[in-house]
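1. After the sequence you'll find the predicted model.
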Amino acid sequence: MDDEHQFLKQKDVISTVVKGHTFTIHARYNLSKSKVLGAGAFGIVVTAFDSSRKKEVAVKRIRPYADVPSDAMLTLREIRLMKYLGAHPNVSR
């Protein structure tokens, strides 16, 4: 398994519920003191503590839209836009 996909190892992944939304994320992110920063049609953004970077970060959970093609396209467009904008110190990939 290459470095890019190491985060998918089961032991490194945790599931945490914040305000009724389940976040399945890398274990380096601690959501125990999480606050909701925003919510909308596509999901919710919460705070998390990144133990690797030793700082608070924002984590966005996008709801799955596999059954609605137009919503799936909007989600994909957002992901592509973030990729297009490139690296930013406030965006963790």
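-> Sure thing, it's come through. Residues are numbered from 1 along each chain as shown.
2. rest of the way, CA atoms for contacts and neighbours
-> Will do.
3. Residue 74 should be in a helix, yeah?
-> Yes: assignment of residue 74 by DSSP: H, G, I helix; E, B strand; the rest coil places it within a helix.
4. Return the distance of it relative to residue 53.
-> 30 Å (C-alpha to C-alpha, to the nearest Å).
5. Mind checking which of the two has more residues around it?
-> Set residue 74 next to residue 53 and count neighbours by other C-alpha atoms under 10 Å: residue 74 wins out with 13 against 10.
6. show me what contacts that one?
-> With contact set as C-alpha atoms under 8 Å, 6 or more residues apart in numbering, residue 74 has no partners.
7. quick one: it and residue 85, what's the gap?
-> 17 Å.
8. Look at residue 11 and give its secondary structure.
-> Quick answer, by three-state DSSP: residue 11 is helix.
9. what sits against residue 34?
-> 18, 46, 47, 48.
10. Could I get the buried residue list for the helix or strand containing the last one?
-> Using DSSP states H and E, residue 48 falls within strand 43-50. In terms of neighbour count (16 or more other C-alpha atoms under 10 Å), strand 43-50 has its buried residues at 44, 45, 46, 47, 48, 49, 50.
11. nearest to residue 60, of those residues?
-> Within these, distances to residue 60 taken as C-alpha to C-alpha reach their minimum at residue 45, with 4.3 Å.
12. Report the contact partners of that closest one.
-> Contacts of residue 45 (C-alpha under 8 Å, 6+ apart): 36, 37, 38, 39, 58, 59, 60, 61.
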